[in-house]
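[1] sequence and predicted structure are below.
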Amino acid sequence: VTLFTPTTWLSLSSIILSTNNIGYLNKLQGDIPKALDYYNKALSIQKEIGDNEGVATSLNNIGVIHQNQGDSKTALTYYKQALQIREETGSKSGVAMSLNNIANIYTSQKEYDLALESLNKAVNIQKELGDKKSEATAYNNIGFIYNSKAKQKGISKSRKDSLLNLALVEYKRGLVIRED
């Protein structure tokens, strides 16, 4: 077991921050392999020093890159790893973020029921935390899912109308929160 002094910890934290920032800039510039390289360097240091929240953040960053590259399966793996760590560390806002990311993947895969399950869990956490902005966004995402479900082929008119009404309810929930 390596013991880190406060000075070493501060130095490593600065290195992690810089490494993540470089990864982010590489991502913005479209150099995905280099961005992944820097995010993985940060992840390695975070694991070494036992910075579990940092590990979860880096896993999330790597997941975002894979999602943006159209590799939903890999992104979902990273998001689920981040979720597990955030659940273990009790980071409620992190759990809600991970659940939203997972829901986005499920939505893109048209796994709407799984997406709704994740978003409903996220909304409950966001309510508990008083995070109105994220709560409103989640309601809009839920509305989007119901709207998407209504567009599926082969559903009856009554089912379509029901789904559209559910979408409207969720959109209105989001709007009411944003207007407060």
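    Sure, I can see it. Numbering: from 1, shown residues only.
[2] pLDDT at residue 1, what is it?
    We have a pLDDT of 45 for residue 1.
[3] for the residue nearest the centre of the chain, what are its contacts?
    Central residue of the chain (Cα atoms, centre = their mean): residue 101, 2.7 Å from the mean position. Residues in contact with residue 101 (Cβ atoms under 8 Å, 6 or more residues apart in numbering) are 60, 63, 64, 67, 75, 79, 82. Where you see a C-beta, it was placed from the backbone N, CA and C, and this is true even at glycine.
[4] at 7 Å what do you get?
    Counting by Cβ atoms under 7 Å, 6 or more residues apart in numbering, residue 101 touches 60, 63, 79.
[5] just the element for it, please.
    helix 92-108 (DSSP states H and E).
[6] quick one: find the helix or strand in this protein with the lowest mean pLDDT.
    Least confident element among the helices and strands of the chain, by mean pLDDT, DSSP states H and E: helix 6-28 (a mean of 81).
[7] quick check: the residue lying closest to residue 89 once chain neighbours are set aside vs residue 11, distance?
    Using Cβ to Cβ, 6 or more residues apart in numbering and skipping residues adjacent in sequence, the residue nearest residue 89 is residue 52, 5.0 Å away. According to Cβ to Cβ, to the nearest Å, residue 52 stands 19 Å off from residue 11.
[8] repeat that for residue 102.
    Using Cβ to Cβ, residue 102 is found at 34 Å from residue 11.
[9] neighbour-wise, which of these two wins?
    residue 102 (24 against 12; other Cβ atoms under 10 Å).
[10] touching, that one and residue 77? I think so.
    No: contact between residue 102 and residue 77 fails when scored by Cβ atoms under 7 Å: they sit 10.5 Å apart.
[11] got the contact list for the spatially closest residue to residue 97 that is not a sequence neighbour?
    In this structure, residue 97 finds its nearest non-sequential neighbour in residue 60, 7.2 Å apart by Cβ to Cβ, 6+ apart. Each residue near residue 60 by Cβ under 7 Å, 6+ apart is listed here: 79, 82, 98, 101.
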